[in-house]
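1. When you get a sec, could you give me coordinates for this:
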Amino acid sequence: MKFGLQLGYWGAGPIENAAELVAAAEEAGFDAVFTAESWGSDVYTPLAWWGAATRRITLGTAVAQLSARPPTALAMAALTLDHLSAGRHIIGLGVSGPQVVEGWYGQPFAQPLARTREYVRLVRDVLARESPVTSPGPHYPLPYPAGAPGSTGLGRPLKPITHPLRADIPIWLGAEGPKNVAQTAEIADGWLAIFYSLRLADRYEEWLAEGFARPAARRSRDDFEVAATVQVVITGDIATAVDRYRPSTALYVGAMGAEEKNFHADLYRRMGYAEAVDEIGALFREGRKAEAIAAVPDEMVRETMIAGPPDEVRAQIKQWEAAGVTMLMVTARDVATIRRLATLV
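-> Residues are numbered from 1 along each chain as shown. Coordinates of the predicted model:
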């Protein structure tokens, strides 16, 4: 089992002690540090800024949103960071949701699986640098087709001027549904599992196995990474820990997605919390945020949390490892917690 530090995306301002946290994670033996983006801070600038002070720790995006950049632009950022970090980059990608994709980026959300497959293929083509990059589309046609709206017809196939340090920079995908997880196993090098649940571990393995069984699968289960976002809390007061993370669970289930399409809500329904999910979502839509948070059952928060005294936490980590998780992505926000977590594995 490995630890990754998930710095996430910023709220109203930067994470003030982020540089200190990254330094502590590297010193403590954490394997990786990750940044994220929503509709505020971007994913690459903080990663490069904070990562510049490190020498060993892997630098990952979890996740870079597909609609934020064309695949060639993502590949440019990735090959640049990989050079600057001497080959320590992980590309983590995700489709986000229709509210962000269409509301913030002004892009269509339709066919997220097909878009992901095409996007990943183009990123790999850029990094391979074997020939000028072309694609028939339909989502990312290269060059832009002559005769298409606004086209001059003058586009020509190109390959990167800069030679990538690695043609095989790992690509990990954020995925929640069965089809998306299966495709992740087929085309990616790792799975970024948000809200991983031991209750669903057998189903996850079935979805992954479907992808590994496909003829074009890149990897097998033996060399595939499963990085699970999880709160790891060393405490004798589990009730207080649950209360601390209850608002986050409520937010993702009830407000981070449309009523008609919320992938986080769908995942918790698979865990068996359909009734609570419906109530939380209804309360958020009515503007009753405090009541929505109060409606989250304790066990729903505990579902995706590792908490307890040190020996119990170690035992729970072993359970997650036995279930197939290879990295725990934690959101520690103080140096003491990072150092303490490092003693658990």
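2. The host helix or strand of Glu299: what's the following helix or strand?
-> Here Glu299, judged by DSSP states H and E, is contained in helix 298-302. Using DSSP H and E, the next helix or strand after helix 298-302 towards the C-terminus is strand 305-308.
3. Show me which residues of that following strand are buried.
-> Using 16 or more other Cβ atoms under 10 Å as the test for burial, strand 305-308 gives Met305, Ile306, Ala307, Gly308. Just so you know, the C-beta spots here come from the backbone N, C-alpha and C atoms, and that holds for glycine as well.
4. what about Gly92, which SS state?
-> Secondary structure assignment for Gly92 (DSSP: H, G, I helix; E, B strand; the rest coil): strand.
5. give me the beta-bridge partners of it?
-> With DSSP bridges applied, Gly92 shows beta-bridge pairing to Trp172.
6. For Arg117, see how far away it is.
-> 16 Å (Cβ to Cβ, to the nearest Å).
7. Between the two, point out the one with more neighbours.
-> Taking other Cβ atoms under 10 Å, Gly92 and Arg117 do not tie; Gly92 has more neighbours (26 against 15).
8. Give me the pLDDT for the more buried one.
-> For Gly92, the pLDDT comes out at 98.
9. Do I have it right that it meets Ala175?
-> No. Contact criterion Cβ atoms under 8 Å: Gly92 and Ala175 do not qualify, at 11.1 Å.
10. Just confirm Ala227 is within a strand.
-> Yes. Assessed by three-state DSSP, Ala227 belongs to a strand.
11. Show me the strands in the chain, by range?
-> Remark: strands assigned in the chain by DSSP state E are 2-8, 32-35, 58-61, 64-65, 89-94, 171-174, 190-193, 225-229, 231-234, 305-308, 327-330.
12. right, and those strands - which one's nearest Arg124?
-> strand 171-174 (7.5 Å; Cβ to Cβ).
13. Can you list the buried residues in the closest one?
-> Neighbour-count burial for strand 171-174 [16+ other Cβ under 10 Å]: Ile171, Trp172, Leu173, Gly174.
14. which residues touch the third one?
-> When contacts are counted by Cβ atoms under 8 Å, 6 or more residues apart in numbering, Leu173 touches 63, 92-94, 116, 120, 180, 183-184, 187-188, 190-192.
15. Now, of those residues, which are buried?
-> 63, 92-94, 116, 120, 180, 183-184, 187-188, 190-192.
16. Tell me if I'm right that Thr58 and Gly87 touch.
-> No. In this structure, Thr58 is not within contact of Gly87 by Cβ under 8 Å, at 9.4 Å.
17. Now do the residue most central in space within the chain against Gln183, distance only.
-> In the chain, the residue lying closest to the centroid (Cα atoms, centre = their mean) is Ala62, at 3.6 Å. Distance, Ala62 to Gln183, using Cβ to Cβ: 18 Å.
18. Please apply the same query to Leu198.
-> 23 Å.
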